[in-house]
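1. predicted coordinates and the sequence they were generated for:
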Amino acid sequence: MSAKKPDHQSQVKTEEERAFAQMIPACAFDGTVLLTMNSPDPFSFGRTRFRKGDDVMLHSVHIATADVWIGRILKIRTAPDHSDTLVKVRWYWSRNDVAKHAKTFDASQCAPLERILSDDYDYVSPYSFERVVYVHEYDETSLDPPLLTSDDLFVRAKFLHRKRMIKPPLGADTCFCQQAYNPFPPLPLPMSTEDEMMTTPYVAPHSDVMHFCPAAACRKWYHTSCLLSRQAVLASLPAESQGAGQNLIDMLPPQTRGLRLLAVNPDEEVLFTTFEYFYEPESQQEVHRTDDLPLSEALELLSRSPAIIGHLPPGLLAVAQSPIIRFSNGPKELAVGNVSDVVLARRREPSTLRCGVGRALDRRLFARAGGRISAAAAGNSAPWAETRGRVWTAGE
């Protein structure tokens, strides 16, 4: 049987690779680009240096759309006499690019400016480059994800274009339903009169809020609806059927939920011993309140002095006892979640309790969260407050 003939595109790329290999390696090149940022002249040009490893925007008919061409510079080579330069660029594909090659791919799983790093590449002329950009790497299991907005480029998966396969599959490590999370879906048009649409900004309703379990053995996001559905299923089972591997629902009183959240140590497999007590059923007999049990009263209940936490800002204490949540198009980076702020606060508070009175708060650590902690702790963030007292995963 005769071998399959290579297509024209493969032949061209093979010839480009051969020519590229004969060139001299370089680490950077200067390109003349149109200055569109902060320039009084709409047709002014300037020199920009492009380096190996840079994420870049390239010229295309999609330059003003979400499908703008984005790539990463892998290699730069030049002719011995510097008469010609070629750049090997690995492509970040947009959701629409992937949908053209993988018919089963659902483009609604990705945000407009989200990119999927392809294993496809091309050899590009230096005259094709627009500017250097930054593509954030978004790991949904991270305790310190990038603070993304809808204007940011980001990537969280790779695309093997010949196999038409995305790795890891979007949603594979999320919730029980494994439904991919889109942090910035298009906002639906409001149902309003033309005058109101011109004067009233549209605020999209909250989507299904997701909760994060920061425990080292978990680190997954769960939909509110999925947790409530799982609760109903487990509640219908006999007690002996609810083994340790199935005990995903917090059945203890909501008055001590904030304290139980403090017990979850994101850096270790075991609970923080001071507040582990509030996971025990007998702790219910010690709490005779209808509202949240304050941290100071909890310490007295455990024969610890409230003075231990006297030097800590109230904002830090409040955030440490907050649930970790995210929801689509959330304000102040809540589309990615408040995970970094809450984990930071929880790490600081247990260390203070272990060291006792007299240890000053590390201001550099607290400044990491900045004004986001202060605003949320003041009760101005409804999504944080509305989840207190509800039933979620034990570790969230």
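-> Happy to help now that I have it.

2. please count neighbours and contacts with C-alpha atoms only from this point.
-> Will do.

3. now the strands for the stretch 1-150 of the chain?
-> Secondary structure of the stretch 1-150 of the chain (DSSP state E, counting those that start in this stretch): strands at 24-26, 28-34, 45-51, 55-58, 69-78, 85-93, 114-124, 129-133, 135-137.

4. dump those strands to TSV, plus mean neighbour count and distance to residue 15.
-> As requested, those are arranged in TSV below (neighbours: other Cα atoms under 10 Å; distance: least, Cα to Cα, whole Å):
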stretch	mean neighbour count	distance to residue 15
strand 24-26	15	17
strand 28-34	16	23
strand 45-51	15	24
strand 55-58	21	23
strand 69-78	22	15
strand 85-93	23	13
strand 114-124	20	11
strand 129-133	20	22
strand 135-137	17	30
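
5. looking at those strands, which one has the lowest mean pLDDT?
-> Across the strands of the stretch 1-150 of the chain, strand 28-34 has the smallest mean pLDDT, namely a mean of 71.

6. ok, back up a step: for the strands of the stretch 1-150 of the chain, which one sits closest to residue 329?
-> Closest to residue 329 of these is strand 114-124 (Cα to Cα; 13.8 Å).

7. counting contacts, what elements does that closest one pack onto?
-> Applying 3 or more Cα pairs under 8 Å, 6 or more residues apart in numbering; DSSP states H and E, one finds that strand 114-124 makes contact with strand 85-93, helix 95-101, strand 153-160.

8. show me what it is in contact with.
-> Contact with strand 114-124 is made by 13, 16, 86-95, 98, 153-161, as judged by Cα atoms under 8 Å, 6 or more residues apart in numbering.

9. mind saving the C-alpha coords of the helix or strand harbouring residue 257 as CSV?
-> Per DSSP states H and E: residue 257 is located in helix 257-263. In CSV, the C-alpha atoms belonging to helix 257-263 read as follows (Å, rounded to 0.1, in the frame of the first residue of the first chain):
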residue,chain,number,x,y,z
ARG,A,257,-20.2,27.5,61.0
GLY,A,258,-17.7,30.4,60.9
LEU,A,259,-15.7,28.6,63.6
ARG,A,260,-15.8,25.4,61.7
LEU,A,261,-14.5,27.2,58.6
LEU,A,262,-11.5,28.4,60.7
ALA,A,263,-10.7,24.8,61.6
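
10. wait, residue 159 sits on residue 166?
-> Yes. Using Cα atoms under 8 Å, residue 159 makes contact with residue 166 at a distance of 4.5 Å.

11. more neighbours, the two?
-> residue 159 (22 against 18; other Cα atoms under 10 Å).

12. where's that one relative to residue 94, distance?
-> 11 Å (Cα to Cα, to the nearest Å).

13. and if you look at residue 84?
-> 30 Å.

14. the two: who's more crowded?
-> Neighbour count, other Cα under 10 Å: between residue 84 and residue 94, residue 94 has more, with 24 against 12.

15. residues in contact with that one?
-> Residue 94 touches 66, 67, 68, 112, 113, 114, 115, 116, counting by Cα under 8 Å, 6+ apart.
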